[in-house]
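Asker: sequence? don't have it. structure:
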């Protein structure tokens, strides 16, 4: 793995998460950084980069529910708009 590939991967998921919460990339980065998700994504790059966008976003949202950013009774199905689009 190269630092460049990891950086592109992180930027992609910061932007994707920011879209989910309808915020700027700066806000998305701050949320992910504050809750340790950036570190998680970087440390788990090898297994996660082979997964699809929706899978990784679900993982991110589940972490943020667990860490108190989203209400505990939330579900990724309610938070990520893509689920409505794919009919899950």
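Answerer: Ah, there it is. Everything numeric here is computed off the predicted structure, so don't read it as measured data.
Asker: Helices along this structure, start to end?
Answerer: 3-20, 25-34, 37-43, 45-48, 53-66, 76-79, 82-86 (DSSP state H).
Asker: Now stretch 45-54: buried residues?
Answerer: Neighbour-count burial for stretch 45-54 flags 48, 49, 54 (criterion: 16 or more other C-beta atoms under 10 Å). To be clear about C-beta, it is placed using only N, CA and C from the backbone, and glycine gets the same treatment.
Asker: distance between that stretch and the chain's centre?
Answerer: Mean C-alpha position of stretch 45-54 versus that of the full chain (C-alpha atoms, centre = their mean, to the nearest Å) differs by 11 Å.
Asker: Ends of it, what's the gap?
Answerer: 15 Å (C-alpha to C-alpha, to the nearest Å).
Asker: With adjacent residues omitted, what lies nearest to residue 27?
Answerer: Closest residue to residue 27 apart from its sequence neighbours, by C-beta to C-beta, 6 or more residues apart in numbering: residue 18 at 6.6 Å.
Asker: Count the neighbours of the one you found for me.
Answerer: Look at residue 18: counted by other C-beta atoms under 10 Å, it has 19 neighbours.
Asker: Help me confirm that it comes into contact with residue 25.
Answerer: Yes - shown here, residue 18 and residue 25 form a contact pair, counting by C-beta atoms under 8 Å, at 4.8 Å.
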